[in-house]
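Trainee: Any chance you can model this:
(one chain, ligands or ions: 2)
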Amino acid sequence: MIQSFIITGFLGVGKTTMLTNTVKEHFSDKKVAIVVNEFGDIGVDGNILSNVYSEVLEISEGCICCQLAQEFESGVIEIINKYNPEIIFVETSGASEPFPIFLSLQNLGISVEGVICVVDSKNLDSYKDNSTAKYQIGGSNIIVLNKTDLVNNDELEAVKKDVIAIKEQYNIKNTLTGKMIFNNYVISNAEQGIVNKDVFEGVYKVDEIVGLAKDYEHLDHTTKDSITQKVAYLKDDIAFSDVDEVLKSLPKGIYRVKGVVRVKDVPNPIVINYSFGNVSFEELDSYEERSIMIFIGESIDNDVNVINDKFDFLNIPKFKMSK
Ligand SMILES: Nc1nc2c(ncn2[C@@H]2O[C@H](COP(=O)(O)OP(=O)(O)O)[C@@H](O)[C@H]2O)c(=O)[nH]1
Ligand SMILES: [Mg+2]
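Mentor: Ligands and ions are numbered 1, 2, ... in the order given. Next up is the predicted model:
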């Protein structure tokens, strides 16, 4: 039976970092396939990850927990046929819930070995009131407190307390039987997404969910404290300092920025990965598309207009066709 892990967690908490740093380390002897549900029109993570693994199925535009279950399932079937993996890791979008993905995997006869929720220990306070974030914690059985390098012991303890409180309140139940879906859960600390191998060793294996309630209530995170994203296409001939300037002047509502840009003073294309005030840059070997930055946050339309007006090299289409 093919095994799988679902990696969930809010925007920018370190899911992809965990995939690249831990999966590479612990599963070098296995055939691993990775499915990434990128929140954003263009899959930036797919671009990074495909440099590390050969098989990345990337599902973009929309989130797998809502409208894309079918696309997700047929994508997974395709990956199985093509690659015959022993383990599949699914990184869900930071704006989606893990549970529908869990069901999809079970539908396909794939064993779910764990639902891992990565938590940003430094920034939990800024996002813990978001309803999707709460359901992500409630819908997981392995909780990884990441970015421990950015907090002290007391802060980490406080984060742990918050996580436990959210977990108790939002722990996912079978609505038919009223029973908890996970009998147990663990909390584990991490830096740069590096966790012990025992997290993956099946000790927390999730039992098949039998007779699941059909009326499982799907949270409508597309309207309530909804996370939106806007893509900006950048004009050519910008400098690295221009990118830096944009990131320094972001309005508060925009807490996540991803992008791939070419700038005239750096030879290689640069991946931008910004979350909650911290940014990292990585150089790519090649990138043929237009330079883009994706701005993500809660109700960011006004915020985006502000930066669009300020920087003439950003081109953010004002209207988007609705689906
Ligand atoms: N300081 C610090 N930064 C981290 C850690 N883990 C991830 N990051 C950074 O957080 C940002 C978002 O990480 P990413 O893995 O892309 O998040 P994702 O959106 O959850 O996939 C990147 O800039 C990472 O380099 C960590 O443990 N400590
Ligand atoms: Mg990611």
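Trainee: What residues does the stretch 51-200 of the chain have near ligand 1?
Mentor: Residues of the stretch 51-200 of the chain lying near ligand 1 by C-beta under 6 Å from any ligand atom: 94, 146, 147, 149, 150, 191, 192, 193. Where C-beta positions appear, they are placed from N, C-alpha and C, glycine not excepted.
Trainee: Mind checking which of those residues are buried?
Mentor: If you count burial by 16 or more other C-beta atoms under 10 Å, the buried members of those come out as 94, 146, 147, 191, 193.
Trainee: Let's see which of the residues you listed end up in strands.
Mentor: residue 146 (DSSP state E).
Trainee: I'd like the buried ones among the residues of the stretch 51-200 of the chain next to ligand 1 written out as TSV, with pLDDT added.
Mentor: Below are these laid out as TSV (pLDDT from 0 to 100):
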residue	pLDDT
94	76
146	98
147	98
191	95
193	93
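Trainee: of all the buried ones among the residues of the stretch 51-200 of the chain next to ligand 1, which two lie farthest apart?
Mentor: 94 and 191 (19.5 Å; C-beta to C-beta).
Trainee: show me where the protein has helices.
Mentor: Ranges of helices in the chain, per DSSP state H, are 15-18, 24-26, 44-49, 69-83, 99-107, 124-127, 131-138, 153-170, 240-248, 301-310.
Trainee: circling back to that earlier point, what would the buried ones among the residues of the stretch 51-200 of the chain next to ligand 1 look like in TSV with distance to residue 281?
Mentor: Formatted as TSV, these follow (distance: C-beta to C-beta, whole Å):
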residue	distance to residue 281
94	20
146	20
147	18
191	20
193	18
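Trainee: The biggest strand by length in the chain pairs with which strands, and in what direction?
Mentor: When the chain is scanned for its longest strand (criterion: DSSP E), the result is strand 111-120. With DSSP bridges as the test, strand 111-120 is paired with strand 3-8 (parallel), strand 142-146 (parallel).
Trainee: Could you tell me the least trusted of those?
Mentor: Ranked by mean pLDDT, those bottom out at strand 3-8, with a mean of 93.
Trainee: Measure how buried the residue of the stretch 101-250 of the chain found nearest ligand 2 is and give me the count.
Mentor: Ranked by C-beta to the ion, the top residue of the stretch 101-250 of the chain for proximity to ligand 2 is residue 118, at 9.5 Å. When neighbours are defined as other C-beta atoms under 10 Å, residue 118 has 29 of them.
Trainee: do residue 31 as well
Mentor: 14.
Trainee: ok, now how distant is it from residue 138?
Mentor: 32 Å (C-beta to C-beta, to the nearest Å).
Trainee: Tell me how far the residue in the chain positioned nearest to ligand 2 lies from residue 32.
Mentor: Residue nearest to ligand 2 within the chain: residue 16 (3.3 Å; C-beta to the ion). For residue 16, the distance to residue 32 (C-beta to C-beta) stands at 14 Å.
Trainee: Of the two, which one has the most company?
Mentor: residue 16 (24 against 20).
Trainee: Would you check how far apart the more buried one and ligand 1 are?
Mentor: 3 Å (C-beta to the nearest ligand atom, to the nearest Å).
Trainee: ok, that residue touching residue 91?
Mentor: Yes. Counting by C-beta atoms under 8 Å, residue 16 does reach residue 91; the two are 6.3 Å apart.
Trainee: Is it possible to get the residues of the stretch 51-200 of the chain next to ligand 1 out as a markdown table so that each row also shows distance to residue 302?
Mentor: Formatted as a markdown table, these follow (distance: C-beta to C-beta, whole Å):
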| residue | distance to residue 302 |
| --- | --- |
| 94 | 22 |
| 146 | 31 |
| 147 | 29 |
| 149 | 34 |
| 150 | 29 |
| 191 | 36 |
| 192 | 34 |
| 193 | 33 |
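Trainee: Quickly check those residues for the two that are furthest apart.
Mentor: With C-beta to C-beta as the measure, no two of these lie farther apart than 94 and 149, at 20.4 Å.
Trainee: Who are the contact partners of residue 261?
Mentor: Applying C-beta atoms under 8 Å, 6 or more residues apart in numbering to residue 261 gives the contacts 234, 238, 243, 269, 270, 272, 291, 292, 293.
Trainee: Go through these and flag which are in strands.
Mentor: The members of those that map onto strands under DSSP E are 234, 270, 272, 292, 293.
Trainee: List the beta-bridge partners for the nearest residue to the third one once chain neighbours are set aside.
Mentor: For residue 272, the nearest residue in space outside its immediate sequence neighbours is residue 259; the separation is 4.2 Å by C-beta to C-beta, 6 or more residues apart in numbering. For residue 259, the beta-bridge partners under DSSP bridges are residue 272, residue 293.
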